[in-house]
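Asks: Predicted model follows, preceded by the sequence.
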Amino acid sequence: MPTCIEQRARALLKAYRLARPPAASRELEERKRRFYSQFVRPGDLCIDVGANVGNRTRVLNAIGARVVAVEPQSECARALRIAFILSPRVRVLHIALGESQGTAEIMIADANTLSSLSADWVEAVVSSGRFSEAHWDTRELVTVSTLDELIRRYGVPRFVKIDVEGFEYEVIKGLSTPVPYLSFEFVPEYSGSAFNCVDRLSELGMSLFNFSHGESMHLAHRRWLSAAELKDQMSELAGEGAGFGDVYAAAERAGRGSTRQRANSPRRATS
């Protein structure tokens, strides 16, 4: 039987392997930096909700942003701490976010990118066949905080990225004030939750929307859409039953007074 020291060493070795950045071309990494530089500047505060092992945290850190990386899976949180141990701009929090503070049970998948706090989302993506071969056999109890609480502790972020496998609406319900930019993941078979996210963000004054297909690192529209226009687009995707991506929301004021003149500055779409 392995000793406690051996068990600890194995856990650290596994975390180190998870923490190693994936092999990627310089061109791809540069494309990611260019994409997120539309929303983030050096020194800006970002909150990466569902940081996993740091794919987006790494990009935001490379831009020069300060990042609060939120990750509920203990194994991934250890990997994040190892990956960014020498990065003073990155703070790792081993918690989940939701509508209110407390505790919750996360379903750990055999692929850590599919772990979720939403049983409904798991059922939807299994029933659709998207992840029918995945298994969620392990459970972890995790502390839950809110975006409002993180804002109280760390300040208002320039950008919030949310990728929490079906728990996006719960996270957004824990936000009571607008932020300049926010993104959340969507899959067509769980579009009802995405619509709820759009409605909630609109109520907060974040009424400009766009989206990015898959990992394209490209906004689908040159101009930003209204909530109704975005929902029409998402309904079409849901009808097709294919693809996934991220919705981007911007506050009306986000692009005003900015010294950065970008083609993708928040402007409502025109017909």
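Replies: Nice, thanks for sending it over.
Asks: Quick check: residue 150 is in a strand.
Replies: No - counting by DSSP: H, G, I helix; E, B strand; the rest coil, residue 150 is not found in a strand; it is helix.
Asks: Contacts only, for it.
Replies: Counting by CB atoms under 8 Å, 6 or more residues apart in numbering, residue 150 touches 47, 68, 70, 93, 97. To be clear about C-beta, it is placed using only N, CA and C from the backbone, and glycine gets the same treatment.
Asks: Show the model's pLDDT score for the second one.
Replies: Looking back up the chat, that one is residue 68. Per-residue pLDDT puts residue 68 at 98.
Asks: right, and it touches residue 57 too?
Replies: No - contact between residue 68 and residue 57 fails when scored by CB atoms under 8 Å: they sit 9.3 Å apart.
Asks: Now do the shared contacts for the two.
Replies: Common neighbours of residue 68 and residue 57 (CB under 8 Å, 6+ apart) are residue 48.
Asks: Those two - which one has more neighbours?
Replies: Counted by other CB atoms under 10 Å, residue 68 and residue 57 do not tie: residue 57 has more neighbours, with 27 against 22.
Asks: Now do the SS call for that one.
Replies: helix.
Asks: ok, the residue sitting nearest the centre point of the chain to residue 81 distance?
Replies: Closest residue to the average C-alpha location of the chain: residue 162 at 2.5 Å, with CA atoms, centre = their mean. Per CB to CB, to the nearest Å, residue 162 is found 21 Å from residue 81.
Asks: Next: residue 233.
Replies: Distance of residue 233 to residue 81, computed by CB to CB: 38 Å.
Asks: wait, residue 171 sits on residue 47?
Replies: No - with contact defined as CB under 8 Å, residue 171 does not reach residue 47; the gap is 10.0 Å.
Asks: overlap in contacts of these two?
Replies: In contact with both residue 171 and residue 47: residue 147, using CB under 8 Å, 6+ apart.
Asks: Is residue 110 part of a helix or strand, or is it coil?
Replies: Relying on three-state DSSP, one would call residue 110 coil.
Asks: At which residues are the helices of the stretch 51-200 of the chain located?
Replies: Along the stretch 51-200 of the chain, the segments classed as helices by DSSP state H, counting those that start in this stretch run 55-63, 74-83, 119-127, 147-154, 168-173, 191-203.
Asks: Perfect, I'm done here.
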